[in-house]
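Trainee: I'd like to go over a predicted model; first the sequence, then the structure.
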Amino acid sequence: MRESSYQIPKREEFLGNSVYVILLGSNDYLNNYFDHSGSFISRQAYTPDEFAMILIGLYSKQVQALYDLGARKFALFCLSLATGCTPAAILVYRRTFGL
């Protein structure tokens, strides 16, 4: 049997050569702040700017944790400006305006 020339890369090399795609969706952000069910207290506890800064801090810690594990290539996608087009907004306004 012929021996394969393929070598299993070391963990650090593998993690360092991988691309990490990270996405925070508008719906995820808005649903946690403007939740009307009472499941989250974000809106009562923080201003929109305070809530955004908290999320940025948490987001940064997660990216730093990946970096500490060896990740070096990131594609970060964040909120879109078209928040009225999120699934939650469409659902609410469809009911409100009869769309």
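Mentor: Looks like it arrived, so ask away.

Trainee: Give me the nearest residue to residue 19, chain neighbours excluded.
Mentor: residue 73 (4.5 Å; C-beta to C-beta, 6 or more residues apart in numbering). In this view, the C-beta of every residue, glycine as well, is placed from N, C-alpha and C.

Trainee: quick one: the helices in this structure?
Mentor: Residue ranges of the helices in the chain, as given by DSSP state H, are 11-17, 26-33, 42-45, 48-68, 87-97.

Trainee: Can you list the low-confidence ranges for this protein?
Mentor: 1-6, 8, 27-28, 35-39, 79-89, 92-99 (pLDDT under 70).

Trainee: Mind doing that once more with 90?
Mentor: When residues are selected by pLDDT under 90, those of the chain lie in 1-16, 22-56, 58-59, 69-70, 76-99.

Trainee: isn't the residue nearest to residue 19 right up against residue 20?
Mentor: Yes: between residue 73 and residue 20 there is a contact under C-beta atoms under 8 Å: 6.6 Å.

Trainee: So between those two, which is more surrounded?
Mentor: Using other C-beta atoms under 10 Å, the more surrounded residue of residue 73 and residue 20 is residue 20, with 15 against 11.

Trainee: ok, residue 33 touching residue 51?
Mentor: Yes: if you go by C-beta under 8 Å, residue 33 and residue 51 touch, sitting 5.5 Å apart.

Trainee: Which neighbours do these two have in common?
Mentor: Common contacts of residue 33 and residue 51 (C-beta atoms under 8 Å, 6 or more residues apart in numbering): 42-43.

Trainee: and for stretch 63-77, what are the contacting residues?
Mentor: By C-beta under 8 Å, 6+ apart, stretch 63-77 touches 11-12, 15-24.

Trainee: and those residues, which are buried?
Mentor: 15, 24 (16 or more other C-beta atoms under 10 Å).

Trainee: any chance of the contacts of stretch 63-77 in a markdown table, with distance to residue 45 too?
Mentor: Output for the contacts of stretch 63-77, formatted as a markdown table (distance: C-beta to C-beta, whole Å):
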| residue | distance to residue 45 |
| --- | --- |
| 11 | 40 |
| 12 | 40 |
| 15 | 36 |
| 16 | 39 |
| 17 | 41 |
| 18 | 37 |
| 19 | 36 |
| 20 | 31 |
| 21 | 31 |
| 22 | 25 |
| 23 | 25 |
| 24 | 20 |
